[in-house]
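J.: sequence unknown, structure follows:
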């Protein structure tokens, strides 16, 4: 317990009185008390006072020097810390890096030694600086403009189509790191999943956080409240490799910029409210501001028209469901209504034929090309296991059509059908994306490779095998009459095939991939050095 000045004086007086009383009958001790108090104590106290004043002056000087040193050191060396993983970090004005505590201490002590004034306070200064660094969270840092732009330049336009989307994404990640808005759910395209996985990986490696992107989902569930759902659109052609390269080099920069945006804008919702334009805001808040009924009304109003014609005006559920997917795709929306719920809501709006699974007295405004394509598929496309004139041909080899070939075949088929006065509604112009969507929706058992090659099917309008076999006869003549070496490369053989097709005015030319696959299957024993054919085979055939 601290004593007051008055109580100290009283105790001193009491102590002297006790000594005088104790030695009242002893002249020698009384003399000693007098001598110590009168002669020695003033000198001793005066000496101690001077030393105390020197120490105070020195302590004040060193304290001031220490404060200046710490201020300058931490300004020139931007160190930060995270307690959850006991990691130290350094920012050089361009990039953030993880540093070892030993390296921080070595740098610190080296600077103290150069200063020399603080040598006596070396360890005290080290302790104070380490303590201050541990109080500087990495998530409170403010990155320089060049660091922010470096991160944004990779996100936009490679991953996101606008800078606003990129900043919104960073703010969401920052919110997740700082444990904000845990109730929000962000619906994104499945294509972003790989990108999010990379974010999780770099987050765990650099800051020791797991599940940084756990509230990003690619599929809506009925347990999710629309009010808590937000939409985020990405560039569908985004390069995952570019993203991986960024995180590999500057993953910590990405984390720190994300935390900075979260601190700057407080939350992702506040970012939308203060920084986004109306179009962006309407998209991000689409589910928050709409109901299932509103969405379905928008869908049917855009795609369907009611007619009074009970016999012909009907649409099958499969077609309706396909148009629903088209509707979502056109607005870059996730599927936020289960198919059975959608069907039930449509049954309440239109007459429904349970037996034929169709909706009556409605027509679709945008279905002509899809409807014609289904007719084309039914009339011309067959499974590759159907026997053809080449009974020995392997199904796996000849049963392959490329998406662009299907588009071409469809267009020519429509033209021929219209010449025969067939009741077709479209002009046959169709994109590869639409063909892919139709096949995946209506013929989901058909195998598609790389979204380009449709396997185990063939078209009755075009026998690829026949064309190649006919070109072999042409090649035989060319080899027989020309000065051809004993080997011919795949490239040269394909060029001869293309020349043959040109001479014969063939509408369709087989791709080099299919041509080479067929060569390996048909004359594999005459192929040498992987890509060369023995010309003897052509002469002997």
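T.: That came in fine, so what should we check first? Note that the structure is predicted; figures quoted are calculated from it, not measured.
J.: Need the three-state assignment for the closest residue to residue 350 other than its chain neighbours.
T.: Leaving aside its sequence neighbours, residue 350 sits nearest to residue 359 (C-beta to C-beta, 6 or more residues apart in numbering; 4.6 Å). For every residue, glycine as well, the C-beta is placed using N, CA and C. The three-state label for residue 359, taken from DSSP: H, G, I helix; E, B strand; the rest coil, comes out as strand.
J.: so what's residue 359 up against?
T.: By C-beta atoms under 8 Å, 6 or more residues apart in numbering, the contact set of residue 359 is 314-317, 320, 346, 350-353.
J.: What score does it have for pLDDT?
T.: With respect to pLDDT, residue 359 scores 89.
J.: for it, which residues make a bridge with it?
T.: With DSSP bridges as the criterion, residue 359 is bridged to residue 315, residue 352.
J.: any low-confidence regions in the stretch 101-250 of the chain?
T.: Counting by pLDDT under 70, the stretch 101-250 of the chain shows low-confidence ranges at 115-119.
J.: And the strands in it, which stretches?
T.: 185-187, 216-217, 229-231 (DSSP state E, counting those that start in this stretch).
J.: Could you provide these in a markdown table, with additional columns for distance to residue 209 and mean neighbour count?
T.: What follows is the strands of the stretch 101-250 of the chain, written out as a markdown table (distance: least, C-beta to C-beta, whole Å; neighbours: other C-beta atoms under 10 Å):
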| stretch | distance to residue 209 | mean neighbour count |
| --- | --- | --- |
| strand 185-187 | 17 | 20 |
| strand 216-217 | 15 | 20 |
| strand 229-231 | 21 | 21 |
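J.: quick one: which of these is nearest residue 302?
T.: strand 229-231 (18.5 Å; C-beta to C-beta).
J.: Give me the neighbour count for residue 36.
T.: Using other C-beta atoms under 10 Å, residue 36 has 12 other residues around it.
J.: ok, it to residue 256 distance?
T.: 67 Å (C-beta to C-beta, to the nearest Å).
J.: same question, residue 266
T.: Residue 266 is 17 Å from residue 256, by C-beta to C-beta.
J.: what's the answer for residue 467, then?
T.: 60 Å.
J.: more neighbours, the two?
T.: The neighbour count for residue 467 versus residue 256, taken as other C-beta under 10 Å, is higher for residue 256 (29 against 18).
J.: quick one, what contacts that one?
T.: Residues near residue 256 by C-beta under 8 Å, 6+ apart: 91, 96, 138-139, 141, 143, 147.
J.: Same check on residue 405?
T.: Contact partners of residue 405, counting by C-beta under 8 Å, 6+ apart, are 462, 508, 511.
J.: Equivalent analysis for residue 403, please.
T.: Residue 403 is in contact with 432, 435-436, 451-454, counting by C-beta under 8 Å, 6+ apart.
J.: who's in contact with the closest residue to residue 341 other than its chain neighbours?
T.: Among residues not flanking residue 341 along the chain, residue 292 sits closest, at 7.3 Å (C-beta to C-beta, 6+ apart). Applying C-beta under 8 Å, 6+ apart to residue 292 gives the contacts 226, 336-337, 341, 345.
J.: Any of those buried? List them.
T.: Taking 16 or more other C-beta atoms under 10 Å as the criterion, what is buried in those is 226, 336-337, 345.
J.: How far off centre is stretch 42-62?
T.: The chain centre lies 65 Å from the centre of stretch 42-62; the measure is C-alpha atoms, centre = their mean, to the nearest Å.
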